[in-house]
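1. pasting a predicted model and its sequence here:
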Amino acid sequence: MPKRVYIETYGCQMNVADTELMLGVLARDGYEQVDAPDDADVMLVNTCAVRDNAEQRVAGRVGELQRFKRQGDVLGVVGCMAQRLGPALLEQAPRVDLVVGPDGYRNLSMLLAQATAGQRVTDTEFRSWEHYEDVPAARDASPTRFVTVQRGCDYKCTFCIVPYTRGPERSRKLEDVVAEVRRLAASGTSEVTLLGQTVNSFHDGTHDFADLLRAVGAVDGVRRLRFTSPYPTDFTPRVIAAMAEVEAVCEHVHLPAQSGSNAVLRRMLRRYTRERYLEVVQDLRSAIPGLTISTDLIVGFPGETEAQFAETLSLVGEADFDEAYTFKYSVREGTPAERLADHVDDAAASERLDRLIGVVRSQARRHNLGRIGSVHEVLVERPARRGDLMLARTRGNLSVLVDLPPGSIGEYHVVQLTGTTGATFTGTVRRPQLAVL
């Protein structure tokens, strides 16, 4: 009988894409995916290490999964937390059999065979050549898909663990990305999101990110093209021109700022100033009418004063963000920021986070109330989590609940926004479907 594998995924979209890769690797060697741990011979937890609470959540879940483990079963931790902790994770979790980092998935079947035989194994070697080009990811048919175009990061911001869990930056060949997108489009995908740690720094030795946008946007069947996460100063004039000229590129950018204070940005080793960041925002909005911008913001970074925090609050208004993902600084062992002086008191950081969330929500609500009555094209993605409505998304990345049947997944409709609950809109279908995948 085939071995049965169950994978739980935590963290970013790249981890979601990596889970599809692992399932592809294992399917090639006769493994069968199951949807519950009690049906599995192999249980894998694909992990995130960006913040401490993400690791604590994973540690708790690994403890829970132990109760499903029978003799001969394998419990493994893979991904960024596995890479960060390495063999030490086997010492911390005696019932974990397998620890594999993001560059070790090609060897997964061999490592699982060793673990099944009673060994406790690790593979956390960085492999600068690894893009898994010959591994077909295991994917269900879907109108939206993630495509990894770049792995690793060279920027080494002082707060970030990613360079130490994902290794140095390397880009896939443009033609390999285009070939994958063509296969997805042929299977019914019409919206593609390109993934990379600093995705707009993509360069395969010949082609840059502008070339990639134009090439992917020209694939027959690709109606929408998104990407995440870019680095602010890698928006060259060529990239911005491609965004404006390629019809498939959606009018939304996630543009991490992290702080509105130049002093904090220097300590973070971000390679731009507040002023340069705002110039990029202006350049993007000037080139792309109707662009929506979301961002990431960190409060309580070591040495942050109340005045410097106030600069972050003011950046929210000056950049006029449509949405912001806000975080309290989390110490990551092994990062340069761990050694910085003047760590902010947790209570003070929490209070600043509360204030920032209040400002962000107020601004988002103002934006969203102003959008009621407007008309947008939406792509129906999936059933809503509650009720009988479907969740759809605009080109500007607005989530809209619409009254359509489950069979409408993958369809494009024109809707009028009728209300908002904060992060989500309700909408009424104005015209019949525009296309069926």
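-> Here it is on my side, so go on.
2. any idea which helix or strand carries Phe159?
-> Under DSSP states H and E, no helix or strand contains Phe159.
3. scratch that, Ser109
-> Residue-wise, Ser109 maps onto helix 108-116 under DSSP H and E.
4. what are the buried residues along the longest helix seen in the chain?
-> Across the chain, the longest stretch assigned as helix under DSSP state H is helix 346-371. Within helix 346-371, the residues that count as buried by 16 or more other Cβ atoms under 10 Å are 349, 352-353, 356, 359-360, 363-364, 367-368, 371. For every residue, glycine as well, the C-beta is placed using N, CA and C.
5. quick revisit: what's the helix holding Ser109 packed up against?
-> helix 13-28, strand 74-79, strand 98-100, strand 121-123 (3 or more Cβ pairs under 8 Å, 6 or more residues apart in numbering; DSSP states H and E).
6. direction included, what does the third one pair against?
-> Sheet pairing for strand 98-100, assigned by DSSP bridges, gives strand 74-79 (parallel), strand 121-123 (parallel).
7. mean confidence score for whatever helix or strand comes next after the longest one?
-> Toward the C-terminal end, the helix or strand that comes next after strand 74-79 (DSSP H and E) is helix 80-85. For helix 80-85, mean pLDDT rounds to 94.
8. tell me the mean pLDDT for whatever helix or strand comes next after helix 80-85?
-> Using DSSP H and E, the helix or strand that follows helix 80-85 in sequence is helix 88-92. For helix 88-92, the per-residue pLDDT values average out at 91.
9. and the contacts of helix 88-92?
-> 77, 81-82, 85, 96, 99, 120, 122 (Cβ atoms under 8 Å, 6 or more residues apart in numbering).
10. what are the boundaries of the helices in the stretch 301-437 of the chain?
-> Remark: helices assigned in the stretch 301-437 of the chain by DSSP state H, counting those that start in this stretch are 306-319, 346-371.
11. any buried residues in the helix holding Ser109, and which?
-> In terms of neighbour count (16+ other Cβ under 10 Å), helix 108-116 has its buried residues at 108, 111-112, 115-116.
12. poorly predicted segments of the chain, please.
-> 431-437 (pLDDT under 70).
13. before we move on, back to that, including distance to Gly205, could the helices of the stretch 301-437 of the chain go into TSV?
-> Listed next are these as TSV, based on distance: least, Cβ to Cβ, whole Å:
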stretch	distance to Gly205
helix 306-319	34
helix 346-371	40
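14. Ser187: which of those is closest?
-> Minimum separation from Ser187 across the helices of the stretch 301-437 of the chain (Cβ to Cβ) falls at helix 346-371, 33.1 Å.
15. so what's Asp35 up against?
-> With Cβ under 8 Å, 6+ apart, Asp35 has these contacts: Tyr6.
16. buried ones in whichever strand or helix holds Asp283, by neighbour count?
-> Applying DSSP H and E as the criterion places Asp283 in helix 274-287. Neighbour counts over helix 274-287 (16+ other Cβ under 10 Å) mark 274, 277-278, 280-281, 284-285 as buried.
17. do stretch 158-174 as well
-> Under 16+ other Cβ under 10 Å, the buried positions of stretch 158-174 are 158-167, 169-172, 174.
18. of those, closest to Gly205?
-> Nearest member of the buried residues of stretch 158-174 to Gly205, counting by Cβ to Cβ, is Ser171, at 8.1 Å.
19. beta partners of that closest one?
-> Gln150.
20. please tell me how far it sits from Glu351.
-> Here Ser171 is placed at a distance of 41 Å from Glu351 (Cβ to Cβ, to the nearest Å).
21. ditto for Tyr325
-> Distance from Tyr325 to Glu351, by Cβ to Cβ: 19 Å.
22. same deal with Arg332?
-> With distances taken as Cβ to Cβ, Arg332 is found 22 Å from Glu351.
23. ok, Asp134 next?
-> With Cβ to Cβ as the criterion, Asp134 and Glu351 are 51 Å apart.
24. ditto for Pro289
-> Pro289 is 38 Å from Glu351, by Cβ to Cβ.
25. could you do Phe126 as well?
-> Taken as Cβ to Cβ, the span from Phe126 to Glu351 is 40 Å.
26. try Thr206
-> Thr206 is 50 Å from Glu351, by Cβ to Cβ.
27. you'd agree Arg267 is up against Pro302?
-> Yes. The pair Arg267 / Pro302 is scored as a contact, 6.8 Å apart, by Cβ atoms under 8 Å.
28. who touches both of the two?
-> By Cβ under 8 Å, 6+ apart, the residues touching both Arg267 and Pro302 are 337, 340.
29. CA atoms of the helix holding Ser109 as PDB?
-> Once non-C-alpha atoms are left out, helix 108-116 reads as follows in PDB (Å, rounded to 0.1, in the frame of the first residue of the first chain):
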ATOM      1  CA  LEU A 108      12.600  13.900   1.400                       C
ATOM      2  CA  SER A 109      11.700  10.400   0.300                       C
ATOM      3  CA  MET A 110      15.200   9.100   1.200                       C
ATOM      4  CA  LEU A 111      15.200  10.900   4.500                       C
ATOM      5  CA  LEU A 112      11.700   9.500   5.300                       C
ATOM      6  CA  ALA A 113      13.000   6.000   4.500                       C
ATOM      7  CA  GLN A 114      15.800   6.500   7.000                       C
ATOM      8  CA  ALA A 115      13.400   7.800   9.700                       C
ATOM      9  CA  THR A 116      11.000   4.900   9.100                       C
END
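30. quick one: residues in contact with it.
-> Against helix 108-116 from outside (Cβ under 8 Å, 6+ apart): 3, 22, 25-26, 28-29, 31, 42, 72, 74, 76, 78, 97-98, 100, 104, 121, 123.
31. domains of this structure?
-> Per the record, the chain has its domains at 4-123, 144-370, 372-435, by automatic domain parsing.
32. of these, which approaches Ala138 most closely?
-> Closest among these, using Cβ to Cβ: domain 4-123, at 3.5 Å.
33. just give me how far that closest one sits from the chain centre.
-> Distance of domain 4-123 from the chain centroid (Cα atoms, centre = their mean, to the nearest Å) equals 19 Å.
34. and if you look at stretch 381-400?
-> Distance, centroid of stretch 381-400 to centroid of chain: 19 Å (Cα atoms, centre = their mean).
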